[in-house]
Every structure is written in structure tokens, then in C-alpha cells.
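In: let's see this in three dimensions:
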Amino acid sequence: QEQLVESGGGLAQAGGSLRLSCVATGRTVTDYCMGWFRQAPGKEREFVAGISRSGSNTYYGHSVKGRFTISRDNAKNTVYLEVNSLKPEDTAVYYCAAAATLGSSYIFSQRHEYPYWGQGTQVTVSS
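Out: Model prediction:
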């Protein structure tokens, strides 16, 4: 069964850090551009970060640039999101997403470009 399973969310204090993981089962992540999105209550799902198939290129949403880092371990079929210097406004459900692409360096940043999604992991930041 093809799945994306996120983990690592939880409660953190402002200024703290978490490491989110996304494990792909039933598919090989080397075939996919991978992305992280987040959705806060009452808000649209927002692009957070993306990484190309090869891992050579990364791209970040404006609100997280410099604080979050996306990486991938293709041998483990896993993508990570290091979230640092957390702010209360980072509170959201974080989703992992995958999109097949022929280009090894390409990154998608729009929600509609990703056909495969995980169930999400909650991140709550207290002030």
C-alpha cells in the first residue's frame, strides 16, 4: 500500500525545535519531488518547503526561510523537516506530499501540483 506517514510533531515552546519525518511506503522517493505544507485552523494550506528528487535543490516558503530545513535520505525513503526558532504562528498540522517528476532538480511549490499526501502531524507552539 502506498502511503506517506508523518511523525515528530508535538508541543514545543517558542524558540524551540522539532524534527518532522515523512516515511514513504509502497513507493520509491527517488522518483518524487517531496514537499512539506502546513495548515492552521481557518487558514489555507501553505507551502513550507520542497526538495528535488536528487536533493540538490531546496525551496522554502517566505515565512519559514532561515528557520526550517528540509532534507531527504533516499536510502531510508524518508524526508525530514527540521523546524527551529519556533513561533506560535508556526502552530499547524504539517503535511508531507509527493509529486512525480522527470526532472531530478525540479521542485513543485503549489498545492495542486502534489497528488500524494500524508495524514499530517500536529505542531503546537506555546508562547
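In: make it CA atoms for all contacts and neighbour counts henceforth
Out: Noted.
In: for the nearest residue to residue 30 once chain neighbours are set aside, helix, strand, or coil?
Out: Beyond its immediate neighbours in the sequence, the residue positioned closest to residue 30 (Cα to Cα, 6 or more residues apart in numbering) is residue 53, lying 5.4 Å away. With DSSP: H, G, I helix; E, B strand; the rest coil as the basis, residue 53 sits in coil.
In: what do you get for residue 89?
Out: Under three-state DSSP, residue 89 comes out as helix.
In: quick one: residues contacting it.
Out: Contacts for residue 89 (Cα atoms under 8 Å, 6 or more residues apart in numbering) come out as residue 125.
In: can you give me the distance of it to residue 42?
Out: 13 Å (Cα to Cα, to the nearest Å).
In: now swap in residue 24 and tell me
Out: Taking Cα to Cα, one finds residue 24 at 28 Å from residue 42.
In: which one's more surrounded, the two?
Out: residue 24 (22 against 6; other Cα atoms under 10 Å).
In: so who does the nearest residue in space to that one that is not next to it in sequence touch?
Out: Spatial nearest neighbour of residue 24, chain neighbours left out: residue 4 (4.6 Å); criterion: Cα to Cα, 6+ apart. By Cα under 8 Å, 6+ apart, residue 4 lies in contact with 22-25, 96-97, 116-119.
In: also residue 120?
Out: Here residue 120 is in contact with 5-7, 93-96 (Cα under 8 Å, 6+ apart).
In: tell me what the nearest residue in space to it that is not next to it in sequence is bridged to.
Out: Once flanking residues are discounted, residue 120 sits nearest to residue 95: 4.4 Å by Cα to Cα, 6+ apart. On the basis of DSSP bridges, residue 95 is bridged to residue 37.
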